[in-house]
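S.K.: Sequence below, structure please.
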Amino acid sequence: MSDFYILDENKNPIETDLLTWGAFLEKEAYKNRIVGKTKIGDKKVSTVFLGLDHRWDMDKPPLIFETMVFEDNRNEIHMERYSTWKEAEEGHERACRWVLNGCKDE
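M.R.: Presented below is the predicted three-dimensional model:
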């Protein structure tokens, strides 16, 4: 079992090795890994494919996508991780609603 993933042409994650993952990140650059990027006032919501599993519990799907909310371009105020592109899209929308709601849970 590997901690590294790339995306296929349908944005589905595929388990891979370190060298293939590194080549994918270099080739795809940042633009093809962006799920969402939204600016709301002084906050930025960024959701991207990481391709590196951040889950500690190996019995569950890998966490390879991440949403972060930044304030003033540098301070991280929120973070969430996901296993699929669809979950990441939903998480990005949820984070945008959170910011629009004054950074309070609904």
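S.K.: Name the single longest helix found in this structure.
M.R.: Longest helix of the chain, by residue count under DSSP state H: helix 85-100.
S.K.: Which secondary structure elements does it sit against?
M.R.: strand 34-40, strand 43-49, strand 65-71, strand 75-82 (3 or more CB pairs under 8 Å, 6 or more residues apart in numbering; DSSP states H and E). For the C-beta atoms, the positions are set from N, CA and C on the backbone; glycine is no exception.
S.K.: How many neighbouring residues does Glu90 have?
M.R.: 15 (other CB atoms under 10 Å).
S.K.: swap in Gly41?
M.R.: 8.
S.K.: ok now do the residue nearest to it when sequence neighbours are not counted, which residues does it touch?
M.R.: Excluding the flanking residues, the one nearest Gly41 by CB to CB, 6 or more residues apart in numbering is Val99, at 7.6 Å. By CB atoms under 8 Å, 6 or more residues apart in numbering, the contact set of Val99 is 40-41, 43, 45, 69.
S.K.: Centre-most residue in the chain?
M.R.: Glu66 (2.4 Å; CA atoms, centre = their mean).
S.K.: Tabulate the helices and strands packed on helix 85-100 (JSON lines), appending distance to Leu19.
M.R.: Formatted as JSON lines, those follow (distance: least, CB to CB, whole Å):
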{"stretch": "strand 34-40", "distance to Leu19": "23"}
{"stretch": "strand 43-49", "distance to Leu19": "18"}
{"stretch": "strand 65-71", "distance to Leu19": "22"}
{"stretch": "strand 75-82", "distance to Leu19": "24"}
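S.K.: Pipe those into JSON lines and attach mean pLDDT and distance to Lys11 per row.
M.R.: Output for the helices and strands packed on helix 85-100, formatted as JSON lines (pLDDT from 0 to 100; distance: least, CB to CB, whole Å):
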{"stretch": "strand 34-40", "mean pLDDT": "95", "distance to Lys11": "9"}
{"stretch": "strand 43-49", "mean pLDDT": "96", "distance to Lys11": "8"}
{"stretch": "strand 65-71", "mean pLDDT": "96", "distance to Lys11": "10"}
{"stretch": "strand 75-82", "mean pLDDT": "93", "distance to Lys11": "12"}
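S.K.: Relative to Ile14, which of these is closest?
M.R.: Closest to Ile14 of those, according to CB to CB: strand 43-49, at 11.7 Å.
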